[in-house]
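Trainee: All I have is the shape, not the residue letters:
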């Protein structure tokens, strides 16, 4: 007697399915990219050099104020290991949008991703990695572009809502003062 087994997979969020190289897409390239660049040891060197470069960049440095760089480097190493390693269902888009909301609120946008990728490329060049491997890594990072666009849009909407709330509060104060003044004037006349 033969028993059939059924395998089901959890549905992915729409943000995840757009990031193919960060999860199950581009299987062949992803399975080998981490090994091609020299594994985690090379990636660790890259992360150290990369953050040294970022902290020298006057446009990016403000995003790292009051940040524990040891922890940040550890997170980056893990994230890049996932990105360049075997396929996974890790939802990097949700991670970025939820965990880095404050950075988007502080102005993080697509132009910062461009700077980030530029420093990443220069770091890999400094480590003398093959141009094809650098290109493959950049392709993975470029898949984050829609996430940065979305994060920036969400931050702008939060900013608009806060500004509107301040205006409503201001209008309520003006209305309350006006009503109080009118009532005071009426009491004075009587």
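Mentor: Here it is on my side, so go on. If you're wondering where the values come from, they're calculated on a predicted model, not measured in any experiment.

Trainee: Could I get the full set of helices for the protein?
Mentor: 14-17, 27-36, 39-56, 69-84, 92-99, 101-105, 110-126, 131-142, 145-189 (DSSP state H).

Trainee: looking at those helices, which one has the lowest mean pLDDT?
Mentor: Note on these: helix 14-17 shows the lowest mean pLDDT, a mean of 42.

Trainee: which residue is nearest the middle of this protein?
Mentor: In the chain, the residue lying closest to the centroid (C-alpha atoms, centre = their mean) is residue 96, at 3.5 Å.

Trainee: Is it correct that that residue is in contact with residue 151?
Mentor: Yes: with contact defined as C-beta atoms under 8 Å, residue 96 counts as touching residue 151 (6.6 Å). The C-beta positions use only the backbone N, C-alpha and C, and glycine is treated the same way.

Trainee: Which positions within stretch 114-122 qualify as buried?
Mentor: Within stretch 114-122, the residues scored as buried using 16 or more other C-beta atoms under 10 Å are 116-117, 119-121.

Trainee: what's in contact with it?
Mentor: Applying C-beta atoms under 8 Å, 6 or more residues apart in numbering, the contact partners of stretch 114-122 are 46, 50, 53-54, 57, 59-60, 134, 137-138, 141-142.
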